[in-house]
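Visitor: Can you look at this prediction? I've put the sequence above it.
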Amino acid sequence: MIFYFSATGNSQYTAEKLADQTNDKLVSIGVALRDGHFSFDLTGNTYLGFVIPTFAWTLPGAVAKFIEKLELVNAADLYVYGIFTCGESSGHTSAALSTMLGAKSIPFHGSFDLVMPDNFILWSDLPPEHELNSILSSADKALDAIILSVKARSPGYIDNNPPKELYMKTSLISTSGGSSNLHVTDACTACGTCYALCPMRCIQKDGSGRPVWEGECTMCLACLHRCPHEAIEHGKDTQGKIRYKNPFVRPVFENLY
Ligand SMILES: Cc1cc2nc3c(=O)[nH]c(=O)nc-3n(C[C@H](O)[C@H](O)[C@H](O)COP(=O)(O)O)c2cc1C
Ligand code: SF4
Ligand code: SF4
């Protein structure tokens, strides 16, 4: 079984390719969180993967919330691994994941980093298209090697230094110093995509069907990158910046992740 979390498709593409080659079942952490589905029977499985984007060198809050509630049946003899997609490096995400799994007596056999396009456009811009394509093509080759390692049940790297925070606190990166500072512009057509996508259910609709942010945002940026009209901004940080979606992800990604 492969648990994956993905806002802009890098981790979903990674998980899909892995699942094809290991004959594994995919479970979207975003959908599971939205549905309140935390109990999984792993009888008959060989591998248990966590394919996750790196957030501030640790886990996304949504993933931590999912793992805290996770209840697994028959997970004892599995090869358990993490793959952390990242723009540059995963920092201590491996140690954060193994610590969280350890607290639930789930074994952990190591992890792999996969450098992919960096979707964190609050503090920087996406690279030009040719550079983006080159990053994607190198990532695909690196993923082939990771898949071979997973199939061979090789030990990935183990980091024994968990970060102070096992998941990213939104206040770390918010320009408003606490809340997420996401807002909608007049370009919104009230299509409902952002509302349907949010793994934290922290987007509500106002009287005209436009988004209002309430509650605990994990700053995954799914709403911001995947609004079909680019009508979501984060303060002034994202104005005029190109949005990102992994070009190879399967079509189901448009509605769910
Ligand atoms: C809030 C946030 C924080 C991030 N922090 C890091 C980081 O610390 N290091 C890094 O290399 N990439 C970082 N990234 C980039 C993502 O990890 C990377 O683009 C990832 O592949 C996105 O996966 P997805 O397309 O499946 O959502 C961050 C992205 C976001 C949204
Ligand atoms: S996805 Fe964009 S256009 Fe659709 S409701 Fe949300 S903000 Fe409006
Ligand atoms: S509001 Fe947007 S950024 Fe925040 S958790 Fe929901 S989809 Fe992610």
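Guide: That came in fine, so what should we check first? Because the structure is a prediction, the values reported are computed rather than measured. Ligands and ions are numbered 1, 2, ... in the order given.

Visitor: what's the distance between Asn181 and Gly91?
Guide: 24 Å (C-beta to C-beta, to the nearest Å). Yep, even glycine has a C-beta here, placed from its N, CA and C like the rest.

Visitor: what's the answer for Asp113, then?
Guide: Looking at Asp113 against Gly91, where the rule is C-beta to C-beta, the gap reads 10 Å.

Visitor: Ser138 too?
Guide: 20 Å.

Visitor: quick one, which of these two is more surrounded?
Guide: Higher neighbour count among Ser138 and Gly91: Gly91, with 19 against 13, using other C-beta atoms under 10 Å.

Visitor: So the more buried one: helix, strand or coil?
Guide: Under DSSP: H, G, I helix; E, B strand; the rest coil, Gly91 falls in the coil class.

Visitor: State the distance from Lys25 to ligand 2.
Guide: 29 Å (C-beta to the nearest ligand atom, to the nearest Å).

Visitor: residues near that residue, how many?
Guide: Lys25, neighbours per other C-beta under 10 Å, totals 12.

Visitor: Same check on Ala103?
Guide: Ala103: 11 surrounding residues under other C-beta under 10 Å.

Visitor: That one: what's it in contact with?
Guide: Listed by C-beta atoms under 8 Å, 6 or more residues apart in numbering, the contact set of Ala103 is empty.

Visitor: Give me the pLDDT for it.
Guide: Here, the pLDDT recorded for Ala103 equals 95.

Visitor: That one and Leu166, how far apart?
Guide: 9 Å.

Visitor: next one: Tyr81
Guide: Between Tyr81 and Leu166 the distance, using C-beta to C-beta, works out to 18 Å.

Visitor: swap in Val115?
Guide: For Val115 relative to Leu166 (C-beta to C-beta), the value is 23 Å.

Visitor: Look at these two and report which has more neighbours.
Guide: Between Val115 and Leu166, counted using other C-beta under 10 Å, the more crowded position is Leu166 (21 against 18).

Visitor: could you give me the average pLDDT of stretch 215-222?
Guide: On average, stretch 215-222 scores 91.

Visitor: Got the phi and psi for Val150?
Guide: Per-residue torsions, Val150: phi -60, psi -50 (degrees, to the nearest 10).

Visitor: going forward, begin numbering at 63 instead of 1
Guide: Yes, from this point I'll number from 63; that puts the last item at Val212.

Visitor: if I pick it, what's in contact with it?
Guide: Leu80, Thr84, Tyr109, Gly111, Tyr141, Tyr143, Phe174.

Visitor: Secondary structure element holding Leu110?
Guide: If you go by DSSP states H and E, Leu110 is part of strand 109-115.
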